[in-house]
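> Just the structure for this:
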Amino acid sequence: MERTPPDRHRVLGSYADGVRAIRAMAARVDDWSVPTPCADWQAIDLAGHLRCVAENYLEYLQDAPDSRLAKLFAREVASAVLIRQQARQNATELAVLHPEPGPERIVAFTVSAGAYADLMPDMWDRTHLIYRGTKYTVGDHAGAACVEWHLHAWDLARAAGGDYRPRDPELLVSAWHWGVPHLPLGAGDPWETVLRSSGRSPGWPA
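Numbering: from 1, shown residues only. Below you'll find the model as predicted:
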């Protein structure tokens, strides 16, 4: 089936919305030791993960199409293997991350995420990686970044006792197909579909 290219304007808007949402939801966190919807992670761990992921995404973009991520996907391993490898990477990065307050980690996230946003428009059509014979561009991966930022904004909101819903959840459904090709996506309400497909319960912590 032919893949419809991502709408650049909507993706860039959703990306910026996601970064702003993370900053806004993080500002509501009073206790960085509270649990989050991410299993075994407190809010401080989630902030560290955000810092690491934003730095990684910037690295992948700058190194495309020969990044560490591209080499991993080029192996065409099963999706379960990709998930395990990425989980191990997340755990390793958090273990060696320098201790710092949650707000400082969010500031570092914002810097790297902003640098990514500055670079991606001019690199939009560059090959980012190839997975099972299909080329995914920088624009495609920007969709994955949108999904990641909005999901973690929701995580922070729930950890702080609130809620969050993105302004354009339909874009995130499309972005999932462009940027997260190794994971299936369910059906239903767009935002709840993204939450459930990422392994989250929309009713957390109930």
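> Flag the shaky bits of this structure, pLDDT-wise.
For the chain, the stretches with pLDDT under 70 are 1-6, 76-80, 82-83, 181-182.
> ranges for the strands of the chain?
Remark: strands assigned in the chain by DSSP state E are 127-131, 134-137.
> Skip the chain neighbours and tell me the closest residue to the residue most central in space within the chain.
Centroid-nearest residue in the chain: Glu148, 1.9 Å away (criterion: Cα atoms, centre = their mean). Distance criterion Cβ to Cβ, 6 or more residues apart in numbering; nearest residue to Glu148, sequence neighbours excluded, is Val53 at 6.4 Å. Quick note: C-beta positions are derived from backbone N, CA and C, even for glycine.
> just the helices in this protein please.
8-26, 43-63, 68-74, 79-96, 102-119, 138-159, 169-179, 190-197 (DSSP state H).
> Can you say which of the ones you listed is nearest to Leu129?
The minimum distance between Leu129 and those falls on helix 68-74, with 3.8 Å, by Cβ to Cβ.
> what comes up buried for the closest one?
The neighbour-count check on helix 68-74 (16 or more other Cβ atoms under 10 Å) flags Leu69, Ala70, Leu72, Phe73 as buried.
> Then stretch 112-131?
Buried positions in stretch 112-131, judged by neighbour count with 16+ other Cβ under 10 Å: Ser112, Ala113, Ala115, Tyr116, Ala117, Met120, Met123, Trp124, His128, Leu129, Tyr131.
> right, and out of the residues you listed, which lies closest to Ile22?
For these, the nearest to Ile22 is Ala113 (8.1 Å; Cβ to Cβ).
> right, and that closest one touches Asn56 too?
No: Ala113 lies out of contact with Asn56 (Cβ atoms under 8 Å); the separation is 11.2 Å.
> where's Val19 relative to Leu50, distance?
Computed as Cβ to Cβ, to the nearest Å, the Val19 to Leu50 distance reads 10 Å.
> Which one's more surrounded, these two?
Leu50 (27 against 23; other Cβ atoms under 10 Å).
> Look up the closest residue to that one, ignoring the ones flanking it.
Using Cβ to Cβ, 6+ apart and skipping the chain neighbours, the partner closest in space to Leu50 is Phe109 (4.3 Å).
> In contact with that neighbour, which residues are there?
Neighbouring residues of Phe109 by Cβ atoms under 8 Å, 6 or more residues apart in numbering: Ile22, Ala47, Leu50, Arg51, Val53, Ala54.
> From Ala206, how far off is the first one?
Ile22 sits 24 Å away from Ala206 when distances are taken as Cβ to Cβ.
> So for these two, which sits in the more crowded spot?
Ile22 (28 against 5).
> Surely that one and Leu50 touch.
Yes: if you go by Cβ under 8 Å, Ile22 and Leu50 touch, sitting 6.5 Å apart.
> Can you work out which residues contact both of those two?
Shared contacts of Ile22 and Leu50 (Cβ under 8 Å, 6+ apart): Ile106, Phe109, His152.
> wait, the first one sits on Ala26?
Going back to what we said before, that points to Ile106. Yes: here Ile106 reaches Ala26: they are 4.5 Å apart, a contact under Cβ under 8 Å.
> So between the two, which is more surrounded?
When Ile106 and Ala26 are compared for neighbours, Ala26 comes out ahead with 26 against 22, by other Cβ under 10 Å.
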